[in-house]
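> A predicted structure for the sequence below; I have some questions about it.
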Amino acid sequence: MANFSVEEIGGGWYLIDDGTTRWRVAVAGAGDQRWVFAGGEVAMLEIAAPGGRAAKPRSDGGVMAPMPATVVAVHVAPGQAVRHGDTLIVLEAMKMELPIRAPRDGVIKAVHCAKGELVQPGLNLLEWQ
């Protein structure tokens with residue numbers, strides 16, 4: 001089992017190190033839900049109450065902002081086919097660009113954001129077919 005170190009670097013950002021690899025990860029949210037941004041992908045976690053079930057990832061295939069951010073670029077349009085890892089949207093938060101990448105292959109059904117728009121975590125920015 002790997003040992004991980006976690007260092008808070010401010011503004012919701014963390015540096016995670018397993019001794020071989022380092023990741024910059026953003027965490028946003030409150031209450032029992034957190035959005036985690038790492039490697040261009042976003043995941044939502046549900047946090048269990050003390051003594052309850054462990055936190056579980058929730059994946060519905062949606063593409064969400066990891067934190068309040070401004071849309072810098074939208075690289076897709078409805079009807080466009082995308083492949084896992086393609087950059088779909090570029091966000092800017094805290095003077096840093098956050099590329100949001102396709103979590104899987106698919107076709108874009110709808111785009112729910114536009115360049116210059118402020119987006120919030122937890123809202124789907126795109127729909128898949």
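Arrived safely, thanks for sending.

> center of this structure, which residue is that?
residue 42 (2.3 Å; Cα atoms, centre = their mean).

> partners of that residue in the sheet?
Residues in a beta bridge with residue 42, per DSSP bridges, are residue 37.

> Same question for residue 71.
Here residue 71 sits in beta bridges with residue 91, as judged by DSSP bridges.

> Tell me who's in contact with it.
89-91, 113-119, 125 (Cβ atoms under 8 Å, 6 or more residues apart in numbering). C-beta: built from backbone N, CA, C; applies to glycine.

> got the residues you listed as JSON lines, with pLDDT columns?
Listed next are the contacts of residue 71 as JSON lines, based on pLDDT from 0 to 100:
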{"residue": "89", "pLDDT": "93"}
{"residue": "90", "pLDDT": "92"}
{"residue": "91", "pLDDT": "90"}
{"residue": "113", "pLDDT": "92"}
{"residue": "114", "pLDDT": "93"}
{"residue": "115", "pLDDT": "95"}
{"residue": "116", "pLDDT": "94"}
{"residue": "117", "pLDDT": "93"}
{"residue": "118", "pLDDT": "91"}
{"residue": "119", "pLDDT": "89"}
{"residue": "125", "pLDDT": "89"}
